[in-house]
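Asker: predicted model, plus sequence, below.
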Amino acid sequence: MAVVDNDWGIGSLHAHDKKEPTHAIAVTPGIRAIAIKSGVLVVLSNFYGLLKECPYAFLEEFCRYCNIQPVPAGSTSEDYMLKAIPFVLKGDAGIWLSRLPESSIRTWAEFRMIFLDRFFPTSKTSSLKREITEARQEYDEPLGQYWDRFQGLLQACPNHKIGEREVYSTFYSGLTVDSKNDLNLAAQGDFSKTPFSQTKRILERLIEAKRSYETSRGQYRRGAVHAVEARSDEKLEARFEQMERKLLEAVEKTRVPPPQEEHHYYYCEFPPEAEALNQVNTVGHWNPEGHWVQEKQRDTPWRDHPNFRWNYQSPRQPPQPSTQQKKTSEGQPNWPVRNQEIPNTGGNRG
């Protein structure tokens, strides 16, 4: 891409290096005759177009310094400001100026209008104006301090377009009840209905009289308020602890014991070895003399009872005595056979 030498947009980007105004500012004989010294550029404040910067404050300081600079014959202070303004606009503000159409600025009034329209739009003016109309005095804020803060809001928005009479009316509506009573007492009546010619004088006289003792009284009030707040916090904390303690007690009283699980035989655990041994030792029997013997009865007469033995006979194979039965029969005496069928003494009723 070829670079065109006579492109005004590219040439305006290097206007600061040549110490010449950008192409957006129309060059007049009065501007051409002015020479900006390097020492002046060092003293002048720069403007970058940031949100925290105030365009009105910048222009006010810039104009105040340029108005005291000497100018040659045939030139004016406005010519000097138009020649110097491109060197103090940096960052976004410098880029904005370089992108303006060629010779679109001919007077300082035109530059001021488009500059404020770009860096102080109507939306910002409306927001600051809303802060002015909604300003309120704090409960422990001295009257003089509130007046200074209110004036700062007015200065932050120079184009608020609020009349002087309306300014005092808005200020009075934002006062606390005590401050309104003081103003009414100083005005010997309703301050809002006082003639405007006396309003400013009454307010300044009251502020001057209250500045001497409002600082110490305000500190005393703030200390008292903080002490009351501390005591209130302690009472609230104690009350919360008491409520928590009562809540825990109520929960303990209403707590239902857990239901007992149903006992199942397959959940039974085997007792410890010592307990099992004690249970085994408790096994015994009554001897013929009527004494309890703590041992297992070996020769029991009911051992051969037909109801206490397995008497199933296989039809195919003859029953064979087991080894365990042989060992048991060897150690038993010859008891009479008791598995014979009992005769039916009832007779045949068929």
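Answerer: Yep, it's here.

Asker: wait, residue 101 sits on residue 25?
Answerer: No: the criterion here is Cβ atoms under 8 Å, and residue 101 misses it with residue 25 at 11.1 Å. Yep, even glycine has a C-beta here, placed from its N, CA and C like the rest.

Asker: compare neighbour counts for the two and give me the winner.
Answerer: Higher neighbour count among residue 101 and residue 25: residue 25, with 26 against 10, using other Cβ atoms under 10 Å.

Asker: partners of the more buried one in the sheet?
Answerer: For residue 25, the beta-bridge partners under DSSP bridges are residue 105.

Asker: ramachandran coordinates for the closest residue in space to residue 72 that isn't next to it in sequence?
Answerer: Among residues not flanking residue 72 along the chain, residue 33 sits closest, at 5.0 Å (Cβ to Cβ, 6 or more residues apart in numbering). In terms of degrees, to the nearest 10, the main-chain angles of residue 33 are phi -80, psi -10.

Asker: next, count neighbours for residue 33.
Answerer: Counted with other Cβ under 10 Å, residue 33 comes out at 14.

Asker: check what pLDDT it gets.
Answerer: We note a pLDDT of 91 for residue 33 in this prediction.

Asker: residues touching it, list them.
Answerer: 72, 74-75, 79 (Cβ atoms under 8 Å, 6 or more residues apart in numbering).

Asker: could you turn the buried ones of those into a ChimeraX selection?
Answerer: ChimeraX command restricting the contacts of residue 33 to the buried ones, with burial defined by 16 or more other Cβ atoms under 10 Å:
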select :75,79
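
Asker: could you dump the contacts of residue 33 to TSV with pLDDT, distance to residue 176 and secondary structure?
Answerer: As requested, the contacts of residue 33 are exported to TSV (pLDDT from 0 to 100; distance: Cβ to Cβ, whole Å; DSSP: H, G, I helix; E, B strand; the rest coil):
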residue	pLDDT	distance to residue 176	secondary structure
72	92	58	coil
74	90	59	coil
75	92	55	coil
79	93	52	helix
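
Asker: show me the shaky parts of the stretch 151-300 of the chain.
Answerer: Where the stretch 151-300 of the chain drops to pLDDT under 70, the residues are 212-230, 256-288, 290-300.

Asker: what about the strands in it?
Answerer: 285-286, 292-293 (DSSP state E, counting those that start in this stretch).

Asker: okay, now the domains of this protein?
Answerer: 8-120, 125-236 (automatic domain parsing).

Asker: I'd like to know how many residues surround residue 89.
Answerer: If we define neighbours as other Cβ under 10 Å, then residue 89 has 21 of them.

Asker: bridge partners for it, pull those for me.
Answerer: On the basis of DSSP bridges, residue 89 is bridged to residue 47.

Asker: distance of it from residue 103?
Answerer: 18 Å (Cβ to Cβ, to the nearest Å).

Asker: reformat the domains of the chain as a markdown table; add distance to residue 247.
Answerer: Converted to a markdown table, these look like this (distance: least, Cβ to Cβ, whole Å):
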| stretch | distance to residue 247 |
| --- | --- |
| domain 8-120 | 51 |
| domain 125-236 | 16 |
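
Asker: which one of those lies closest to residue 252?
Answerer: domain 125-236 (25.0 Å; Cβ to Cβ).

Asker: the nearest residue to residue 36 once chain neighbours are set aside: which element?
Answerer: For residue 36, ignoring the flanking residues on the chain, the nearest one in space by Cβ to Cβ, 6+ apart is residue 84 at 5.4 Å. Residue 84 belongs to helix 77-88 when assigned by DSSP states H and E.

Asker: report the next helix or strand after that helix in sequence order.
Answerer: Moving toward the C-terminus from helix 77-88, the next element (DSSP H and E) is helix 91-98.

Asker: ends of stretch 42-51, how far apart?
Answerer: 23 Å (Cα to Cα, to the nearest Å).

Asker: buried sites along that stretch?
Answerer: Result for stretch 42-51 [16+ other Cβ under 10 Å]: buried residues 44, 47, 49.

Asker: check stretch 160-172 too.
Answerer: 160, 167-168, 170-172.

Asker: from the buried residues of stretch 42-51, which is closest to residue 112?
Answerer: residue 47 (12.9 Å).

Asker: what residues are up against that closest one?
Answerer: Contacts of residue 47 by Cβ under 8 Å, 6+ apart are 53, 55, 58, 88-90, 93.

Asker: same question for residue 203.
Answerer: 147, 168, 183.

Asker: any idea how far residue 200 is from the second one?
Answerer: When you say that, I think you mean residue 168. 7 Å.

Asker: I figured the residue nearest to residue 36 hits residue 37, correct?
Answerer: No: using Cβ under 8 Å, residue 84 makes no contact with residue 37, being 10.0 Å away.

Asker: more neighbours, the two?
Answerer: Counted by other Cβ under 10 Å, residue 84 and residue 37 do not tie: residue 84 has more neighbours, with 20 against 11.

Asker: tell me the contacts of the more buried one?
Answerer: 36, 40-41, 44, 62, 66.

Asker: in the stretch 151-300 of the chain, which spans are helices?
Answerer: Per DSSP state H, counting those that start in this stretch, the stretch 151-300 of the chain carries helices over the ranges 164-173, 177-187, 196-253, 273-281.
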